[in-house]
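**Q** I need the structure of the sequence given here:
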Amino acid sequence: MRCLSCQNLSIQIICKTCQENLLQSIFKKRELDDDFAVYSFFEYEDIKELLNTKYEFYGDRVYKILANLSFKKFADNFNFDENVVAVSVDDNTTHEFSQSAILVNALRSKNITPIYSTLKARNRLKYAGKSLEYRQKHKRDFKYKGKQNLKIILVDDIITTGSTLKEAKEVIEKSNCEVLFALTLSDAKIQ
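**A** The predicted model follows:
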């Protein structure tokens, strides 16, 4: 097969050279207006095309590579006084896989336990390309089905306006859980 990035022959969908040279993770922090920190690993422009592979049959392989280059490294270095859980924002299956479940799974470590299918959106609208005003008028209407009194890391593939993550945090905190922060692959920062 050919590397998605450089088109050279490769065993993996993104060759090792591109993983090492082009997909250097950074660690950026964005503070949402209620002192809620969201950390991202890649510049949006650098991985925009890779993020769109979630709509392709091979997207799970791309997301596993991105997750290992970022989320897994984070988890391996994360220390906390007690165990925390990682919860994906609406890990429904798209094209036979859930990109957010792949990201949550990469966080499995001595301090982080992934849990799945606990935060589901009842509103199935697509937000891609929509304005902040549209997002605010059309909430995801999340339902949290997880345990109470947990310390949680929220996970999503991308943050744009922050409205989805803020809504998810509010819903989870109604179950006496504490959302420590959120992790995303990238911050598109749409205003």
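**Q** Where does pLDDT dip in the chain?
**A** Residue ranges of the chain with pLDDT under 70: 91-96, 125-132, 135, 190-191.
**Q** let's see it at 90
**A** For the chain, the stretches with pLDDT under 90 are 1, 5, 20-26, 33-35, 54-57, 90-100, 117, 120-142, 160-164, 189-191.
**Q** what about the spatially most central residue of it, helix or strand, and which?
**A** Nearest to the mean C-alpha position of the chain, by Cα atoms, centre = their mean, lies Asp156 at 2.4 Å. In the assignment (DSSP states H and E), Asp156 maps to strand 151-159.
**Q** Next: Lys72.
**A** With DSSP H and E as the criterion, Lys72 is inside helix 71-77.
**Q** Tell me how far that helix lies from the chain's centre.
**A** 14 Å (Cα atoms, centre = their mean, to the nearest Å).
**Q** That one packs against which elements?
**A** strand 36-43 (3 or more Cβ pairs under 8 Å, 6 or more residues apart in numbering; DSSP states H and E). Quick note: C-beta positions are derived from backbone N, CA and C, even for glycine.
**Q** So which elements touch the strand it packs on?
**A** strand 28-32, helix 71-77, helix 163-173, strand 178-187.
**Q** on that earlier part again, list the buried residues in the helix holding Lys72.
**A** 71-72, 74-75 (16 or more other Cβ atoms under 10 Å).
**Q** Go ahead and produce PDB holding the CA coordinates of it.
**A** Extracted as PDB, the C-alpha positions of helix 71-77 are listed here (Å, rounded to 0.1, in the frame of the first residue of the first chain):
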ATOM      1  CA  PHE A  71      -3.000  10.000  23.500                       C
ATOM      2  CA  LYS A  72      -0.900   6.900  24.300                       C
ATOM      3  CA  LYS A  73       2.200   9.000  25.000                       C
ATOM      4  CA  PHE A  74       0.100  11.300  27.200                       C
ATOM      5  CA  ALA A  75      -1.300   8.300  29.200                       C
ATOM      6  CA  ASP A  76       2.200   6.800  29.600                       C
ATOM      7  CA  ASN A  77       3.300  10.000  31.300                       C
END
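**Q** and the closest residue to the residue nearest to the centre of the chain other than its chain neighbours, what is it in contact with?
**A** Closest residue to Asp156 apart from its sequence neighbours, by Cβ to Cβ, 6 or more residues apart in numbering: Val89 at 4.2 Å. Val89 is in contact with 100, 119, 154-156, 164-165, 168, counting by Cβ atoms under 8 Å, 6 or more residues apart in numbering.
**Q** got it, and Val84?
**A** If a contact means Cβ under 8 Å, 6+ apart, then Val84 has 111-113, 150-153, 180 as its contacts.
**Q** Please, a PyMOL command that selects the buried ones among those?
**A** Entered in PyMOL, the line below selects the buried ones among the contacts of Val84, by 16+ other Cβ under 10 Å:
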select buried, resi 111+112+150+152+153
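**Q** tell me which of the contacts of Val84 is nearest to Gln19?
**A** Gln19 lies nearest to Ile112 out of those, by Cβ to Cβ, at 22.8 Å.
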